[in-house]
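Asks: I'll drop the sequence and a predicted model, then ask my questions.
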Amino acid sequence: MKGESEHETHVPAEGADEDAVWKALADPSRRHMLDLLRRRPHTTGELAEAFEFSRYAVMKHLKVLHEAGLILYERRGRERINRLNPLPIRRIYRRWIRPFEELASDRLLRLEQVVAQRAERGDSSGTGDSSDDTTDDEQGDTS
């Protein structure tokens, strides 16, 4: 059927390599392309107009992004519509960013507890003097 061959969707290979995602994200031009695609899908021609380099160079960047699984594209006749695929970035977020966010949150909670303990004791100097930084438990209160 003629209609089917004019409208194809291309998805990357299953489970794109995480290293390929990092490599794709390492280039500022590719990150800019992803920023554009985050707003809305673009044809390859529209993306080429947004950059000062050749359409061929844009296509090479799109190939890297596609192989990393960061974009999906659909052919409609002679046009290629490129779309952002956020899943690989989400996987990186879960693997590399979320654990560090949790670590920072835990530290903030501990800081909040120390500030509350000092407020209860009436210690509002906040001078950072190390002699005042220990709690009664840390001083080994033997009374």
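Replies: Arrived safely, thanks for sending. Numbering: from 1, shown residues only.

Asks: Please state the offset of stretch 50-60 from the chain centre?
Replies: 24 Å (C-alpha atoms, centre = their mean, to the nearest Å).

Asks: got it, and stretch 30-38?
Replies: Worked out by C-alpha atoms, centre = their mean, stretch 30-38 lies 12 Å from the chain centre.

Asks: likewise stretch 60-74?
Replies: In terms of C-alpha atoms, centre = their mean, the centre of stretch 60-74 is found 16 Å from the chain centre.

Asks: For it, measure first residue to last.
Replies: By C-alpha to C-alpha, to the nearest Å, the extent of stretch 60-74 from end to end equals 17 Å.

Asks: Strands of this protein, start to end?
Replies: Secondary structure of the chain (DSSP state E): strands at 7-10, 42-43, 71-76, 79-84.

Asks: remind me which residues of this structure are low pLDDT?
Replies: The chain contains residues with pLDDT under 70 at 1-16, 124-143.

Asks: that older thread, pipe the strands of the chain into CSV and attach distance to residue 35 per row.
Replies: C-beta here means a position set from N, CA and C on the backbone, and glycine is covered the same way. Shown next, in CSV, are these (distance: least, C-beta to C-beta, whole Å):
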stretch, distance to residue 35
strand 7-10, 21
strand 42-43, 11
strand 71-76, 12
strand 79-84, 9
